[in-house]
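**Student:** what's the 3D shape of this:
(2 chains)
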Amino acid sequence: MVKVGFYQGCCFQGQDAHMFETMKEMFEKIDVEVVLLEETTCCGGNTIDEENRKLSYAINARNIALAEREGLDMLVSCNTCYMVIAKAKRALDTNKKLRDEINALLKEEGLEYRGTSRIYHLLDFFRDVVGYDRIRKAVKRPLKGWKVAAYYGCHVLYPKEIAVDNSDNPSSLQEILKALGAEVIDEYEGKDACCGYHSFFTDKSMTLKKLNRILGGVKKVGADIVATPCPLCFKSFDIYQTNMENSPKVPSSFLPEIMAYAFGIDKEKAGLAHHLIKVEKE
Amino acid sequence: METAVLQVFRYDPEKDQTPYYKEYEVPVEGTLLNALLYIKDNLDPTLAFRAFCRSEVCGSCSMRVNGKTKLACKTPMKELVETWKGKPLRIDPLNHLKVIKDLVVDIDKPIEKMKTLIPWLVPDPRVVPTDPMHESIIYPEEMEAYKDQIHCMLCFSCYSACEAVEDNDRYRGPFAFSKAYRFQVDRRDIETAKEKRIRYAISGGLWSCVQCQKCLYVCPKGVKPAEDIQNLRGQAVKKGFTDKPGAKKLKHFVDWIYATGQINRLYLPEEVYGNREAREKLTKAYTEMGVEVWEVPKPTKGLMKFRDIYLEILSKEDKALDLDFSHVRKIDRMVSEIFKADICTIIDRAHEEGRSSRGLISKLKGLLGGK
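**Tutor:** Numbering: from 1, shown residues only, chains lettered A, B, ... in the order given. Next comes the predicted model:
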């Protein structure tokens, strides 16, 4: 049994608490215990950086320090949280002055950033810790006949310093989907485009154009569903798609959901039953 | 000798009706630029591409390999072959630019766009001596603020890879914002010019950047345009340009994270777009689905100390007043109103309830006498 600290960010609590439950249950099937890092806060969503980068580093030094206190590595699902936290870790590990300054503040809460915990995203955690084989063996309901379009999202591939896969030609998501028995589609128009999630509240027209490109591309190649390891990309696909004038109505899945489904967890518990764009495929 | 096949984009507008690809077998050694020079020297002297320094200085040989923007002289052939695992290597000119011939593109448009952001020094006479016999001294620690940005060599890699350029023709381009930012943090530049740059940056699409980070990835010189854009956004808000949705989003993040440790997605549409209906609709939809609605995030243990850390950093950076304390008090009142208790009591009780997440808010309301 592997034990790892799970960073929830804003995507796995409140109205979205069920997404954490799905994740937890799915991980149990592949012998991973995910421990919720309770006292962590929002990573700043790459937006606090606009206010002040040092504030972003401090918030995330505290988040990482909470995993270190438990003696656990940190697992992040959200691409943006992953990038922001990994960038902070890089800054803290390479700049002693910054680390000392922030540690002086963390001391008040009895915390210290030491740099001992590794930060994983779902993709490299599945590849390097769990292994594709273990995923394959856990499959009870192979996704036979599912044509699944693989969508990575940006913040696991760029910038290079924090990328979890080959940024130009990544393969981990396809490998996971293959292990689930799905027919993987990784060539379609818009596969590299940004999902538009972050521009919804800065320039909404961008979001809708991005969705049009990606989901239009997914539809054109005849995929049944698009799967992404990032909960924000998933929200953009499922929720913001309903804001489109001529919505292509492409169903989407947050990766752990179809994994849970393939591992034999029912559609309701896997979270696939509650999407705004219905997942019809059985 | 190991070889690879390059499928190179060919187009001569004077002769060709449409572009086409021509295949060349090249040795897998040295860089992509070496391969192109090999073609020109040995296989086909008609191929047009720009290259000069061969050593990552002039920025003229940027192009795309299988859609990904690369500087040819910095890209080893071996790496390309390994990355694309035997797939053919398709060489295209830069994206978003008009093709003059083959891999040569017209860069006038992004240059003109860049000029609108005043990418030059407008000297402040109080700092820069007007007497030409006196030097204007820059200290090394001042250089820190723009030591990366000055390396931009106008290769337009970021312009080619940019997601905002792709969907907003007015968007000035990542490099242009980095060029502008470089003078925003230069002590010698006059305040009125800084103000103007922000205004022009906003009309040039400052808030259209999607923060995909592709510009950081493709920049051969380590410039970080997306981060400079974040800095410019911060400056815009600080200078009072607070009417754009993006500025309101930033305010939401700064205040809510301080107050609760989290953003509040339920209130985001209302605080950014004045869209109250969105919250009501969401609340109704969640209730119908049987999902508990959290009007506020779970107040976590350590929140008060988290606030101290937050405020201390902002104070040190001379930004403590960026926090809208009346907004924070409003959030505090809202939290107390929901639970019928003060924030510290709520934190303690929330902590006692430990790891439960589903049903937590209603449980707390029950325990504390909230509605």
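**Student:** List the buried residues of stretch A:71-85.
**Tutor:** A:72-85 (16 or more other Cβ atoms under 10 Å in any protein chain shown). No exception for glycine: its C-beta is placed from N, CA and C like everyone else's.
**Student:** close to chain B, is that stretch?
**Tutor:** Yes - using Cβ under 8 Å from any Cβ of the partner chain, we find that stretch A:71-85 touches chain B at A:Met83.
**Student:** mean confidence score for that stretch?
**Tutor:** Averaging pLDDT along stretch A:71-85 yields 98.
**Student:** how close does the nearest residue to B:Met334 once chain neighbours are set aside get to B:Thr3?
**Tutor:** Among residues not flanking B:Met334 along the chain, B:Val296 sits closest, at 6.8 Å (Cβ to Cβ, 6 or more residues apart in numbering or on different chains). Applying Cβ to Cβ, to the nearest Å, the value for B:Val296 to B:Thr3 is 63 Å.
**Student:** Then B:Leu37?
**Tutor:** 15 Å.
**Student:** now do A:Leu122
**Tutor:** 38 Å.
**Student:** Out of the two, name the residue with the larger neighbour count.
**Tutor:** A:Leu122 (27 against 14; other Cβ atoms under 10 Å in any protein chain shown).
**Student:** OK, contacts around the more buried one?
**Tutor:** A:Leu122 is in contact with A:Leu75, A:Val76, A:Ser77, A:Pro229, A:Leu255, A:Pro256, counting by Cβ atoms under 8 Å, 6 or more residues apart in numbering or on different chains.
**Student:** per-residue pLDDT, it?
**Tutor:** 98.
**Student:** Isn't A:Ile135 up against A:Pro256?
**Tutor:** No - using Cβ atoms under 8 Å, A:Ile135 is not in contact with A:Pro256; the gap is 11.4 Å.
**Student:** of these two, who's got more company?
**Tutor:** Set A:Ile135 next to A:Pro256 and count neighbours by other Cβ under 10 Å: A:Pro256 wins out with 26 against 22.
**Student:** Can you report how many residues lie near B:Gly274?
**Tutor:** Neighbourhood size, B:Gly274 [other Cβ under 10 Å]: 11.
**Student:** Remind me which helix or strand the residue most central in space within chain B belongs to.
**Tutor:** For chain B, the residue nearest the mean C-alpha position is B:Ala226 (2.4 Å; Cα atoms, centre = their mean). Assessed by DSSP states H and E, B:Ala226 sits inside helix B:225-238.
**Student:** Give the helix, strand or coil label for residue 117.
**Tutor:** Since you didn't name a chain, this refers to chain A. Secondary structure for A:Ser117, judged by DSSP: H, G, I helix; E, B strand; the rest coil, is coil.
**Student:** try again with chain B
**Tutor:** Assignment for B:Leu117 (three-state DSSP): coil.
**Student:** what about it, neighbour count?
**Tutor:** Look at B:Leu117: counted by other Cβ under 10 Å, it has 25 neighbours.
**Student:** contacting residues for it?
**Tutor:** Counting by Cβ under 8 Å, 6+ apart, B:Leu117 makes contact with B:Arg172, B:Ala176, B:Phe177, B:Lys179, B:Ala180, B:Arg197, B:Tyr200, B:Ala201, B:Gly204.
**Student:** if you set the cut-off to 10 Å instead, what comes out?
**Tutor:** B:Leu117 makes contact with B:172-173, B:176-181, B:183-184, B:196-198, B:200-201, B:204, B:206, B:232, according to Cβ atoms under 10 Å, 6 or more residues apart in numbering or on different chains.
**Student:** now the strands for chain A?
**Tutor:** A:2-7, A:32-36, A:74-76, A:119-121, A:147-150, A:183-185, A:225-228, A:252-254 (DSSP state E).
**Student:** What ranges does the stretch 1-150 of chain A have for its helices?
**Tutor:** A:17-28, A:48-51, A:53-69, A:79-94, A:96-106, A:122-124, A:132-138 (DSSP state H, counting those that start in this stretch).
**Student:** Pick the most deeply packed of those helices.
**Tutor:** helix A:48-51 (a mean of 26; mean count of other Cβ atoms under 10 Å in any protein chain shown).
**Student:** Who are the packing partners of that helix?
**Tutor:** Applying 3 or more Cβ pairs under 10 Å, 6 or more residues apart in numbering or on different chains; DSSP states H and E, one finds that helix A:48-51 makes contact with helix A:53-69, helix A:79-94, helix B:225-238, helix B:245-260.
**Student:** Might one say that A:Asp168 is in contact with B:Lys85?
**Tutor:** No - using Cβ atoms under 10 Å, A:Asp168 makes no contact with B:Lys85, being 11.1 Å away.
**Student:** Mind checking which of these two has more residues around it?
**Tutor:** A:Asp168 (20 against 9).
**Student:** Might you report the residue contacts of that one?
**Tutor:** Per Cβ under 10 Å, 6+ apart, neighbours of A:Asp168: A:157, A:160, A:192, B:65-70, B:79-80, B:83-84, B:217.
**Student:** cool, and A:Gly271?
**Tutor:** Applying Cβ under 10 Å, 6+ apart, the residues near A:Gly271 are A:16, A:18-19, A:21-23, A:25-26, A:234, A:253-254, A:256-258, A:260-261, A:265, A:279.
**Student:** please redo it, this time with the cut-off set to 7 Å
**Tutor:** By Cβ atoms under 7 Å, 6 or more residues apart in numbering or on different chains, the contact set of A:Gly271 is A:His18, A:Met19, A:Thr22, A:Glu257.
**Student:** Could you export the contacts of A:Leu122 as a markdown table, including distance to B:Cys53?
**Tutor:** A markdown table is the format used below for the contacts of A:Leu122 (distance: Cβ to Cβ, whole Å):
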| residue | distance to B:Cys53 |
| --- | --- |
| A:Leu75 | 44 |
| A:Val76 | 41 |
| A:Ser77 | 44 |
| A:Pro229 | 40 |
| A:Leu255 | 44 |
| A:Pro256 | 48 |
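**Student:** of these, closest to A:Ile185?
**Tutor:** A:Leu255 (14.9 Å; Cβ to Cβ).
**Student:** Give me the distance between the nearest residue to that closest one once chain neighbours are set aside and chain B.
**Tutor:** Spatially, and ignoring its direct neighbours in sequence, A:Leu255 is nearest to A:Pro229 (4.3 Å; Cβ to Cβ, 6+ apart). The gap separating A:Pro229 from chain B is 16 Å, by Cβ to the nearest Cβ, to the nearest Å.
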